[in-house]
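A.B. asks: Structure for the following, please:
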Amino acid sequence: MILRNSIFCSILLVISFVDLRKRIIPNGLVAVLCVWWAFCTILTGVACGVEVARSVLAEGIVGALALGGGVLMLCLLYERLRKRESFGGGDVKLIAVIGLYLSLEGGCLALLLACAAGIAWSFIVSLVMRKPAQQSVAVHLRSKKEDPSSFYQTMPFAPALTLGSLLALLVAA
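C.D. replies: Next up is the predicted model:
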């Protein structure tokens, strides 16, 4: 269990750094998390018996479908009503994978903590990013041919999801 959670958290940290830098969650890393979860579930079956593995499998699939599907439905509803993007597809897939690992209960806690962390981060960024800082970021973004307004309108959510997952794992321990 310790190795499973250590690898899970390590890959989440890598995803967070990629999301912070490039504003994208690589599908390959999400797939690696899925494969690692399946491998660990099979090992659980070998070590603890088929019934335990079935329980872990069922809880993980329910968590993934409920969290990933629920967030996807909310995102689609929001986008239809507001005519603007909410979460990216990578965030939704990552939330589903978190449901695989933490089940429905732990995944809901992780998502709640991630939302709280995201709100806190947005508040801090809005306080710190004043006009002079915005201009220097805008110059940096123009050199990369990016739209400065999009930089302030979006927030990478993978770091918040990682923090929420780490805290949920600590609460469960």
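A.B. asks: tell me which element residue 110 is part of?
C.D. replies: Assigned by DSSP states H and E, residue 110 belongs to helix 89-128.
A.B. asks: Tell me the confidence at residue 136?
C.D. replies: The predicted structure scores residue 136 at 45 on the pLDDT scale.
A.B. asks: Likewise for the one 3 residues further on?
C.D. replies: The score at residue 139 is 45. That number is its pLDDT.
A.B. asks: what's the answer for the one 10 residues further on, then?
C.D. replies: At residue 149, the pLDDT value in this model is 52.
A.B. asks: tell me the phi and psi of residue 49?
C.D. replies: phi 110, psi 160 (degrees, to the nearest 10).
A.B. asks: Roughly how far does it sit from residue 106?
C.D. replies: Computed with CB to CB, to the nearest Å, the distance linking residue 49 and residue 106 is 22 Å. C-betas here are computed from N, CA, C, even on glycine.
A.B. asks: for residue 56, same thing?
C.D. replies: The separation that residue 56 has from residue 106, given CB to CB, amounts to 12 Å.
A.B. asks: where along this structure do the helices fall?
C.D. replies: For the chain, the helices identified by DSSP state H occupy 2-22, 27-48, 50-82, 89-128, 131-143, 148-153, 158-172, in order along the chain.
A.B. asks: weakest of these in terms of mean pLDDT?
C.D. replies: Across the helices of the chain, the lowest-scoring stretch is helix 131-143, with a mean of 48.
A.B. asks: before we move on, back to that, between residue 49 and residue 106, who's got more neighbours?
C.D. replies: residue 106 (20 against 11; other CB atoms under 10 Å).
A.B. asks: right, and that one touches residue 167 too?
C.D. replies: No - the pair formed by residue 106 and residue 167 falls short of the contact definition of CB atoms under 8 Å, at 10.3 Å.
A.B. asks: how near is residue 25 to residue 33?
C.D. replies: As it turns out, when the distance is counted by CB to CB, residue 25 lies 11 Å from residue 33.
A.B. asks: again with residue 114
C.D. replies: With the distance defined as CB to CB, residue 114 ends up 16 Å from residue 33.
A.B. asks: I'd like to know which elements the helix holding residue 110 is packed against.
C.D. replies: Packing contacts for helix 89-128, counted by 3 or more CB pairs under 8 Å, 6 or more residues apart in numbering; DSSP states H and E, involve helix 2-22, helix 27-48, helix 50-82, helix 158-172.
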